[in-house]
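# Show me the folded form of this:
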Amino acid sequence: MKLPNFRLYDTQATTSMLVAIFCSLCLIMMTAVIFKGINTENWVIPYNPEAGMGQYRPSLVLLFTAVSILGGGVAAFMGFRSLGQQRNSKQGRSMVGLLLGVVVIPLSIVLYATWKELSEPIIRSTGAA
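Predicted structure coming up:
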């Protein structure tokens with residue numbers, strides 16, 4: 001299998017766009033994981049850390065945050081490098097990669113801060129008093 005030539009600006013533009021779209025999808029999934037079951041009356045996000053999806057939620061949020069930030073940085077860097085080059089026939093892909101990459105990074109940071117601030121684990125009593 002032949003790897004793509006990343007010295008070509010067209011390849012950088014296409015890769016930038018694809019990575020940015022993947023990071024945007026990770027951001028959407030992160031939003032769904034974070035805001036599942038939010039209580040707007042008390043502004044808390046309750047989750048059960050011992051059963052069901054709740055035991056994986058903190059890890060999933062951290063994973064989606066890392067993927068979104070790193071991928072957004074890669075997409076923005078590659079989009080910026082290939083944008084405006086004369087031999088790049090796909091300027092639109094460079095622009096999409098750059099803009100989505102730059103937008104995904106702060107949104108993922110804001111969502112992670114929201115999770116850290118509002119998440120509350122549900123504490124179950126063991127019955128022993």
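# And the helices in the chain?
Shown for the chain, the helices assigned by DSSP state H span residues 9-34, 57-82, 91-118.
# so where's the chain uncertain?
Counting by pLDDT under 70, the chain has low-confidence residues at 127-129.
# picking up where we left off before, with distance to residue 3 added, can I get the helices of the chain in a markdown table?
The way it works is simple: take the backbone N, C-alpha and C, and place the C-beta from them, glycine included. As requested, those are arranged in a markdown table below (distance: least, CB to CB, whole Å):
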| stretch | distance to residue 3 |
| --- | --- |
| helix 9-34 | 10 |
| helix 57-82 | 15 |
| helix 91-118 | 19 |
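# of these, which approaches residue 49 most closely?
Smallest distance to residue 49 across the helices of the chain (CB to CB): 7.6 Å, for helix 57-82.
# got the buried residues for the closest one?
By 16 or more other CB atoms under 10 Å, the buried positions in helix 57-82 come out as 57-58, 61, 64-65, 67-69, 71-82.
# Tell me how far residue 101 lies from residue 21.
Distance, residue 101 to residue 21, by CB to CB, to the nearest Å: 10 Å.
# I should have written residue 76 there, sorry.
In this structure, residue 76 lies at 13 Å from residue 21, with CB to CB as the measure.
# Looking at residue 101 and residue 21, which is more packed in?
Neighbours around residue 101 and residue 21, counted as other CB atoms under 10 Å, are more numerous at residue 101. The numbers are 26 against 16.
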